[in-house]
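In: Let's see this in three dimensions:
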Amino acid sequence: MKVFDLHCDTLYKVVTLSHDFSCSDFDVQTDVDFDKYLQCFAVWVPDDLSVKQGRSLFDKAKSTLIQECKKYDIKLINSLKEIKKSNCKKLGMFTLENCKIIDNDISYIKYLAESNIKIATLTWNDKNCIGDGAMVQNPTGITEFGKRAVCEIENQGIVIDVSHASDKLFYDVCEIAAKPFIATHSNSRSVTAHRRNLTDEQAKIIFENGGIVGLNFHNAFLNNEPEKASIDDIVKHAEHFLSLGGENSLCLGGDFDGGNLPRDIENNRNLYDIYNIFLQKNYSKAIIDKIFYENAVNFFENFDIC
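Out: Numbers count the residues shown, from 1 in each chain. Presented below is the predicted three-dimensional model:
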């Protein structure tokens, strides 16, 4: 089984709690059992940090990720073209969650690219220099600086991620983005009525424009009664996205170490269980393999030539 997970907060946990990858939902010891495993490691910048604090956190996360990948024999992706070509079983990708650290400095985006950032989640839940997060009351959408920043992020070869974006910001990005954008860890609002989830229209826009969406395992995004969330809810969200035309766009975005997992998921070891439940529900292996690995690989393989 091959796995490509678009989002986890393991790196933030390691940096802030002085842990290593062995003390996380991302079971670095177990993933050698997979035929191939690519994990996107996000450095989450909390909304309540100052820009100075956020940039310091970012720099520490950058050096920590290099150390941890070396320690656990994870190949850190430098070029998106390396994904298919690499023979390594364990791969890592560096991503940013919350662009507040750009702080109206367009040149900092080049620094992010030089730091090996491949995906940038525009906001977290609050407002920043780009625009409004999903939990902002009365959002106004993208800022004037945000319009320039979106273009520069794309110019620097970084993928735009609209998970956590307000609805207004989402549609503003639609008007500006020249390349496909993604939602690394967002579920369906039709299945679970949470503002962090995507509407059907938003999901269709991402699918039709060549983007991808990662299924999020956080219990409150899976079930309107979070304490009842289970693997079956992950399948329900997948089924709904597939009904909207997401067969070639649906992926995994587990949010390990960043959310409250369902009662029957402990860590990434349970990805086997999720895979098998899809099989039990008579989904073809071809479709499941797309969700677990191939859709994400194909997206990144083609992003540089969009």
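
In: residues contacting Lys13?
Out: By CB atoms under 8 Å, 6 or more residues apart in numbering, the residues touching Lys13 are His19, Cys23, Ser24, Asp257. Using the backbone N, CA and C atoms, a C-beta is placed for each residue, glycine as well.

In: Correction: the previous question concerned Leu279.
Out: The contact partners of Leu279, by CB under 8 Å, 6+ apart, come to Lys285, Ile288.

In: Next up, phi/psi of it, please.
Out: Per-residue torsions, Leu279: phi -60, psi -40 (degrees, to the nearest 10).

In: roughly how far apart are it and Asp273?
Out: 11 Å (CB to CB, to the nearest Å).

In: Could you do Phe299 as well?
Out: 25 Å.

In: Among the two, which residue is more densely surrounded?
Out: Each of Phe299 and Asp273 has its neighbours counted (other CB atoms under 10 Å); Phe299 has more, 22 against 12.

In: Can you get me a residue count around the residue nearest to the more buried one when sequence neighbours are not counted?
Out: Sequence neighbours aside, Ile212 is the residue nearest to Phe299 in space, at 4.8 Å (criterion: CB to CB, 6 or more residues apart in numbering). When neighbours are counted by other CB under 10 Å, Ile212 registers 25.

In: now Arg189
Out: 20.

In: Distance of the nearest residue to it once chain neighbours are set aside relative to Asn298?
Out: The spatially closest residue to Arg189, leaving aside those adjacent along the chain, is Asn197, at 3.9 Å (CB to CB, 6+ apart). Applying CB to CB, the value for Asn197 to Asn298 is 24 Å.

In: same check, this time on Tyr111
Out: 29 Å.

In: Same check on Arg189?
Out: Taking CB to CB, one finds Arg189 at 26 Å from Asn298.

In: ok so, going back, most surrounded residue in the contacts of Lys13?
Out: Within the contacts of Lys13, most neighbours by other CB under 10 Å means Asp257, with 23 neighbours.

In: Confirm that Val297 sits in a helix.
Out: Yes - the assignment for Val297 by DSSP: H, G, I helix; E, B strand; the rest coil puts it in a helix.

In: From Glu301, how far off is the closest residue in space to it that isn't next to it in sequence?
Out: Spatial nearest neighbour of Val297, excluding adjacent residues (CB to CB, 6+ apart): Ile83 at 5.6 Å. As judged by CB to CB, Ile83 and Glu301 stand 7 Å apart.

In: So if I had to pick from the two, which one is more boxed in?
Out: Ile83 (19 against 14).

In: so how far is Cys69 from the more buried one?
Out: Where Cys69 is concerned, Ile83 sits at a distance of 15 Å (CB to CB).

In: ditto for Gly210
Out: Counting by CB to CB - Gly210 and Cys69 are separated by 29 Å.

In: between those two, which one's more packed in?
Out: Applying other CB under 10 Å to Gly210 and Cys69 shows that Cys69 carries more neighbours, namely 21 against 17.

In: just checking, Ala220 touches Asn260?
Out: Yes - in terms of CB atoms under 8 Å, Ala220 counts as a neighbour of Asn260; the distance is 7.1 Å.

In: Between the two, which contacts overlap?
Out: Pro226.

In: For the nearest residue in space to Cys8 that is not next to it in sequence, the count of nearby residues, please.
Out: Leaving aside its sequence neighbours, Cys8 sits nearest to Phe256 (CB to CB, 6+ apart; 4.1 Å). Residues lying near Phe256 (other CB under 10 Å) number 25.
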